[in-house]
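1. structure for the following, please:
(2 chains)
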Amino acid sequence: MTAPLKLCVRRTDVPTPSGPAVEVSVALPSDVRFIEEAVELMARHCFAGYRASSRLRFRLQVTLSEALANAIICGNGQDPEKQVTIRAHSAADEIELVVTDEGFGFDPDRVATSGAVTEVESQCGRGLFLIRHLADRVAYNAEGNSICITLARHP
Amino acid sequence: MEFSATNHESGVVVVRVEGQLIVGNRQELKALIQDALDEGKRRFLIDFMNTGYIDSSGLGALVSISKKIRDQGGKLRLAGLNEDLRSLFELTKLDTLFAIDASTDQALAMF
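-> From the prediction side, this is the model:
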């Protein structure tokens, strides 16, 4: 499939205390078939010029994939008229991923703190749990339709 | 090809996951296993040697597949999980649900 992704890469002019940073943004349709390509695009740009461990790459791939699935399915209801945006800030010390949908948002406090499924054989309910365990920090905007995932390069 | 199935001489269906097992392709894996069940196959080995990452939907699909195989009196084993993939199973406690072996050879010997 050729994904109609709109990729915009911008390098910041202002150096951060930890060195130059890269800003990357992508908008994708509310279709889960685009998740894999969007994740690979973001990974490629976030790791360009940096030595990344396979563990960090894995954490980015899983957490971003989960956030995109939540945004597309739960946030936008897979509405083809709505988009999901990803904004990444990739610096020497950490990577920040912000995934925003056009939905009404949700209250993250209403999701159990651990997010762990109580029944091992449940087929769903592990998404936020994995994000919270694989990310170094997780934050939401007030509306609940945007999640910010931070991954430290050297945890 | 993301999923491929081969029939081992022992009668075990070996399914290889090439790339990712995620929300966008999990139904293909479920359909592949269901087709094999409909053909009368009952012993399955899923090989993750060439898998990049799995998301929560992929894990959910594996749980669903496990139930279907068990309901038909069959057996499922997983193999080839690297350290990162293995950590997902341990975090979610799914390592207690699945029979997990280091390699396909070891898994095939356990059927």
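2. have a look at chain A and report its longest helix.
-> The longest helix of chain A (DSSP state H) is helix A:54-69.
3. mind listing what the residue nearest the centre of chain B touches?
-> With distances taken as C-alpha atoms, centre = their mean, the residue of chain B nearest its centroid is B:I46 (3.2 Å). B:I46 sits next to B:V15, B:R16, B:V17, B:L62, B:I65, B:L76, B:R77, B:L78, B:A79 when contact means C-beta atoms under 8 Å, 6 or more residues apart in numbering or on different chains. Every C-beta, even on glycine, is put in place using the N, C-alpha and C of the backbone.
4. ok so the first one is a strand residue?
-> Yes: with the criterion set as DSSP: H, G, I helix; E, B strand; the rest coil, the secondary structure at B:V15 is a strand.
5. touching, it and B:M49? I think so.
-> No: using C-beta atoms under 8 Å, B:V15 is not in contact with B:M49; the gap is 11.6 Å.
6. more crowded one of those two?
-> Neighbour count, other C-beta atoms under 10 Å in any protein chain shown: between B:V15 and B:M49, B:V15 has more, with 21 against 13.
7. who's in contact with the longest helix of chain A?
-> Outside helix A:54-69, the residues that reach it (C-beta under 8 Å, 6+ apart) are A:28, A:32, A:35-36, A:38-39, A:42-43, A:46-47, A:84, A:86, A:95, A:97, A:99, A:127-128, A:130-131, A:134-135, A:147, A:149, A:151, A:153, B:20, B:22-23, B:52-57, B:84, B:88.
8. coming back round to it: now the contacts of B:I46: which count as buried?
-> Neighbour-count burial (16 or more other C-beta atoms under 10 Å in any protein chain shown) is assigned, among the contacts of B:I46, to B:V15, B:R16, B:V17, B:L62, B:I65, B:L76, B:R77, B:L78, B:A79.
9. so which of those also contact chain A?
-> Among the buried ones among the contacts of B:I46, proximity to chain A is found for none (C-beta under 8 Å from any C-beta of the partner chain).
10. got those residues as a markdown table, with pLDDT columns?
-> Output for the buried ones among the contacts of B:I46, formatted as a markdown table (pLDDT from 0 to 100):
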| residue | pLDDT |
| --- | --- |
| B:V15 | 98 |
| B:R16 | 98 |
| B:V17 | 97 |
| B:L62 | 97 |
| B:I65 | 97 |
| B:L76 | 98 |
| B:R77 | 98 |
| B:L78 | 98 |
| B:A79 | 98 |
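11. alright, I will stop here.
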